[in-house]
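**Q** this is a predicted model, with the sequence first.
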Amino acid sequence: MQISDTGHVIRALTIAGSDSGGGAGIQADLKTFAAFEVYGASALTALTAQNTQGVQGIYEVAPEFLRQQVESVNGDIGFDAAKIGMLGSAAMTTEVADIIARAEMTNLVLDPVMVAKGGASLLEDHAVHMLKTRLLPLATVLTPNLLEAEVLCGYPIHSWSDCQQAVSDLAKMGPQCIVLKGGHATWGISRTLPDDANGAQVFDLVFDGSALTTFYAPRVFSRKTHGTGCTLSAAIAACLARGMRVLDAIATAKTFVWEAMVSAAAWDVGTGHGPLDHSVAPRFSTGIEAGGTYRWHNDGRFHLEGIRI
Ligand SMILES: Nc1ncnc2c1ncn2[C@@H]1O[C@H](COP(=O)(O)OP(=O)(O)OP(=O)(O)O)[C@@H](O)[C@H]1O
Ligand SMILES: Cc1ncc(COP(=O)(O)O)c(N)n1
């Protein structure tokens, strides 16, 4: 377990839904915290009956009981960073926003989960307004995928310039840093990416309010992508809890997800979209500069474009 400079065990809290299949949600988050040697606590917003094939049922937790869980953790254990995942309803979104605002939390990673990989809705439509107005302003890092960014921005994102416009518009809604995740980019958008003729690269576009930083990694052609977004946001939270700079935390988290995806190719859990291998060892990035374009290299690290390796 990692110990802070002041002598306490480093802790992170996940406020998210349970995935009975263990690949996404709270389960992915706690496995990720453990991989980063960060103590993990959890407050559940909903229980899902779920497996690699889809979501078979959702049982919502009462918002007051979510509050009780966070207060129990906060009143005894505490946390150095928190991540928010599935919220489910507008009432839960409002409750979480109240809790976060009152607790004056720093190091908050917000994954605006809306739809599961299999297509099930994990957020009520009318919760989006609450998410935008109450929670986005409190986030240190916001991690929308392309579809979530389209809903938050209110327009389609079909090109590289749309992506740049989207992160700029999302920054105006209050988060300190945006990670626009490009895993769902279709062939159409890939073609418009600089230097990606055949969609072989996956991009993430990061905007910290002043500079755009781009990460490219080779696309892993795999069905085992259940929980990539949950794992990424949990890894960013774990790195922030450990005191890392935001861009280093993002690069480290991306590296972890990529390696967990590649490692998962070796085995099968379930028959649908299988989970990642959360037992891979994190590889830490440092010195990531705002404004740079970073490419994954086969030494397992992101390198600044234009630098000879
Ligand atoms: N096929 C892939 N190969 C390499 N990296 C990927 C792939 N798919 C996603 N990623 C990376 O995984 C992270 C999560 O991206 P993604 O766009 O899948 O998020 P998400 O849709 O929120 O995830 P989830 O499907 O779990 O909800 C990003 O850093 C993205 O670049
Ligand atoms: C409880 C919960 N939270 C988040 C997701 C999103 O993950 P994915 O898009 O990979 O299905 C999920 N399926 N279940």
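**A** Received, thanks. Ligands and ions are numbered 1, 2, ... in the order given.

**Q** just give the number of residues close to Phe302.
**A** Counted with other CB atoms under 10 Å, residues neighbouring Phe302 total 22. (C-beta placed from N, C-alpha, C; glycine too.)

**Q** that one and Asp248: what is the separation?
**A** According to CB to CB, to the nearest Å, Phe302 and Asp248 sit 10 Å apart.

**Q** what helix or strand is the closest residue to Gly54 other than its chain neighbours located in?
**A** Spatial nearest neighbour of Gly54, excluding adjacent residues (CB to CB, 6 or more residues apart in numbering): Gly118 at 3.4 Å. Following DSSP states H and E, there is no helix or strand that holds Gly118.

**Q** need the residues touching each of Phe302 and Asp248.
**A** Common contacts of Phe302 and Asp248 (CB atoms under 8 Å, 6 or more residues apart in numbering): 285, 288.

**Q** residues of the stretch 101-250 of the chain that sit close to ligand 1?
**A** Residues of the stretch 101-250 of the chain that fall close to ligand 1, judged by CB under 6 Å from any ligand atom: 117, 145, 181-184, 202, 204, 217, 219-220, 225, 227-230, 232.

**Q** give me the subset of those residues touching ligand 2.
**A** Checking those against ligand 2 (CB under 6 Å from any ligand atom), the matches are 117, 227, 229-230.

**Q** of those, closest to ligand 2?
**A** Lys117 (3.6 Å; CB to the nearest ligand atom).

**Q** residues touching the closest one, list them.
**A** 24, 225-226, 273.

**Q** got it, and Thr228?
**A** Taking CB under 8 Å, 6+ apart as the criterion, Thr228 is in contact with 183, 257, 261, 276.

**Q** can I take it that the first one is in a helix?
**A** In other words, Gly183. No. Gly183: not assigned to a helix; according to DSSP: H, G, I helix; E, B strand; the rest coil it is coil.

**Q** that one against Thr225, yeah?
**A** Yes. Counting by CB atoms under 8 Å, Gly183 does reach Thr225; the two are 7.1 Å apart.

**Q** that older thread, I'd say the residue nearest to Gly54 and Gln53 touch.
**A** Yes. Counting by CB under 8 Å, Gly118 touches Gln53, with 6.6 Å between them.

**Q** shared neighbours of these two, anything?
**A** Common contact partners of Gly118 and Gln53 (CB under 8 Å, 6+ apart): 272-273.

**Q** just to revisit the earlier point, most neighbours out of the contacts of Lys117, which is it?
**A** Of the contacts of Lys117, with other CB under 10 Å as the count, Ala24 tops at 31 neighbours.

**Q** so that residue sits right up against Gly227, yeah?
**A** Yes. At 3.6 Å, Ala24 counts as touching Gly227 under the criterion of CB under 8 Å.

**Q** shared neighbours, those two?
**A** Common neighbours of Ala24 and Gly227 (CB under 8 Å, 6+ apart) are Pro275.

**Q** residues in contact with Ser89?
**A** With contacts defined as CB under 8 Å, 6+ apart, the neighbours of Ser89 are 60, 63, 123-124, 127.

**Q** if we go to 7 Å?
**A** Counting by CB atoms under 7 Å, 6 or more residues apart in numbering, Ser89 touches 60, 124, 127.

**Q** got it, and Lys31?
**A** So Lys31 contacts His278 (CB under 7 Å, 6+ apart).

**Q** okay, it: pLDDT?
**A** Listed pLDDT for Lys31 reads 98.

**Q** am I right that it sits in a strand?
**A** No. Counting by three-state DSSP, Lys31 is located in no strand; its state is helix.

**Q** show me which residues of the stretch 1-150 of the chain sit near ligand 2.
**A** Applying CB under 6 Å from any ligand atom, we find that the stretch 1-150 of the chain lies next to ligand 2 at 16-17, 19, 24-25, 48, 50, 85-86, 113, 116-117, 122.

**Q** let's have those residues in JSON lines, adding pLDDT.
**A** Output for those, formatted as JSON lines (pLDDT from 0 to 100):
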{"residue": "Ala16", "pLDDT": "98"}
{"residue": "Gly17", "pLDDT": "98"}
{"residue": "Asp19", "pLDDT": "98"}
{"residue": "Ala24", "pLDDT": "97"}
{"residue": "Gly25", "pLDDT": "98"}
{"residue": "Thr48", "pLDDT": "97"}
{"residue": "Gln50", "pLDDT": "96"}
{"residue": "Gly85", "pLDDT": "98"}
{"residue": "Met86", "pLDDT": "96"}
{"residue": "Val113", "pLDDT": "93"}
{"residue": "Ala116", "pLDDT": "80"}
{"residue": "Lys117", "pLDDT": "74"}
{"residue": "Leu122", "pLDDT": "85"}
